[in-house]
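[1] For reference, the sequence and a predicted model appear below.
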Amino acid sequence: MESSIKKTNGQPLPSDRPTETPVRRRQFLQYAGAGAAAAVLVAWGCKKDDPGPDMGGKGFYFGSGDIAILNYAYALEQLEAAFYTEVTSNPYGSISDWERALMTDIRDHEIAHREFFKAALGQQAIDSLTFDFSAVNFSSRGSVLATARAFEDLGVSAYNGAGWLIQDVNYLALAGKIVSVEARHAALVRDLIDNGSFANDEVIDANGLDLSNSPTVVLEVAAPFIKSKIDVTDLPTY
């Protein structure tokens, strides 16, 4: 299987790069609701050339090249798995049996993704991260689903944005399989909030393409939820 990315002197042509759709402040407020978004906006106070105290230097080192990208995906899957584990362990009071079953299925998928990356990385895997979900009201259906929508939309854009950076076509194929599952999650959660919003213009552009964000943008948004210090200085980005 050969990569279809065109290259000049080993570098992708500018036109081959995914179209990045930055997660703007107003957009994330729509995704996550005021409670969760308030914490996320802290990340946007950092300058682009300043990775922040938890993003560079001493911390869990992601590695470089494909290993760094796999650890990046592993970190995001840890985040989602931890979130849905909390949701299912302490479900909101109005949760129906159907919604409980859906949240349990998503939790199990995220745990499977997390364990897959952990096994694939072996000794090069970062340690288990710790997270801060204090901005989420787990007793509120609205807060839980809004946060789930934000995480799922962000996760899809993360895989879309990192795909062209992956060198090993086998890893790329596996990432493509995982992002398709994440997109199913995103569509489901969106419809639980607002039926018919699964593929609206918040997540699909005029060309019918899904959101794509660079690792730098994704980690800036996720940073307020990650308590562990991480070192992504050699993580490929654009």
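    That came through fine. Residues are numbered from 1 along each chain as shown.
[2] The closest residue in space to Ser228 that isn't next to it in sequence: what secondary structure?
    Leaving out its chain neighbours, the residue that sits closest to Ser228 by CB to CB, 6 or more residues apart in numbering is Leu129, at 4.3 Å. For the C-beta atoms, the positions are set from N, CA and C on the backbone; glycine is no exception. State at Leu129, reduced to three classes by DSSP: H, G, I helix; E, B strand; the rest coil: coil.
[3] hey, where'd the helices end up in the protein?
    25-40, 65-89, 97-121, 141-162, 169-193, 215-222 (DSSP state H).
[4] Show me what the fourth one is packed against.
    Read it as helix 141-162. helix 25-40, helix 65-89, helix 169-193, helix 215-222 (3 or more CB pairs under 8 Å, 6 or more residues apart in numbering; DSSP states H and E).
[5] so who does the residue nearest the centre of the chain touch?
    The residue lying closest to the centre of the chain (CA atoms, centre = their mean) is Gly155, at 2.7 Å. Neighbouring residues of Gly155 by CB atoms under 8 Å, 6 or more residues apart in numbering: Leu76, Glu80, Val179, Glu182, His185, Ala186.
[6] Same question for Val218.
    Leu76, Leu154, Ser157, Ala158, Gly161.
[7] Format those residues as JSON lines; extra columns: pLDDT, distance to Ser228 and neighbour count.
    Listed next are the contacts of Val218 as JSON lines, based on pLDDT from 0 to 100; distance: CB to CB, whole Å; neighbours: other CB atoms under 10 Å:
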{"residue": "Leu76", "pLDDT": "98", "distance to Ser228": "13", "neighbour count": "26"}
{"residue": "Leu154", "pLDDT": "96", "distance to Ser228": "18", "neighbour count": "25"}
{"residue": "Ser157", "pLDDT": "96", "distance to Ser228": "22", "neighbour count": "27"}
{"residue": "Ala158", "pLDDT": "97", "distance to Ser228": "18", "neighbour count": "27"}
{"residue": "Gly161", "pLDDT": "96", "distance to Ser228": "22", "neighbour count": "24"}
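[8] Out of the helices of the chain, flag the one nearest Asn207.
    Closest to Asn207 of the helices of the chain, according to CB to CB: helix 141-162, at 13.1 Å.
[9] buried set for the closest one?
    Buried positions in helix 141-162, judged by neighbour count with 16 or more other CB atoms under 10 Å: 141, 143-162.
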